[in-house]
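Trainee: requesting a structural model of the entry that follows:
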Amino acid sequence: MCHRPFLVVKARLEPAAVDGFRRWYQEVHLPHMMRIPGIEGAYHLRRGDAADGHMAVFSFTSEEAVRAALASNEAQQARADWVPWMRDVSGLSVEVYAELTPLPAYSHWN
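Mentor: Below is the predicted model of the structure:
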């Protein structure tokens, strides 16, 4: 069970840009994101079978760390990293989720 906030980034990429984007993400952007104070972990996910989908989840150390992290110089650098890719990206969303809590278990009887 995790009670830390998360930053979730989702985007769709132009198919021709996928390979270059993934290299950039690993070599440039991810190291910049991990320098943001208050971010302690990163997860890269595939959206189903969509080869052009990008989803990343970054965990914060605490709810108190979110505001300072997003206002930091390191976060400004990470946001600036995206500028060259904007022509190849659509559906970009960046969201902060304050807490993940488990749902009660339910049984459905047919």
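Trainee: ok, the spatially closest residue to Leu13 that is not a sequence neighbour - how many residues close by?
Mentor: If the residues on either side of it in the chain are set aside, Leu13 comes closest to Asp52, at 4.8 Å by Cβ to Cβ, 6 or more residues apart in numbering. For every residue, glycine as well, the C-beta is placed using N, CA and C. As a burial measure, Asp52 scores 17 neighbours (other Cβ atoms under 10 Å).
Trainee: please renumber so the chain begins at 744
Mentor: Happy to do that; since the first residue is 744 now, the last one works out to Asp795.
Trainee: Asp795 contacts Ala759, correct?
Mentor: No - under the criterion of Cβ atoms under 8 Å, Asp795 is not in contact with Ala759, lying 9.7 Å apart.
Trainee: any shared contact partners between those two?
Mentor: Between them, Asp795 and Ala759 have no joint contacts when contacts are counted by Cβ atoms under 8 Å, 6 or more residues apart in numbering.
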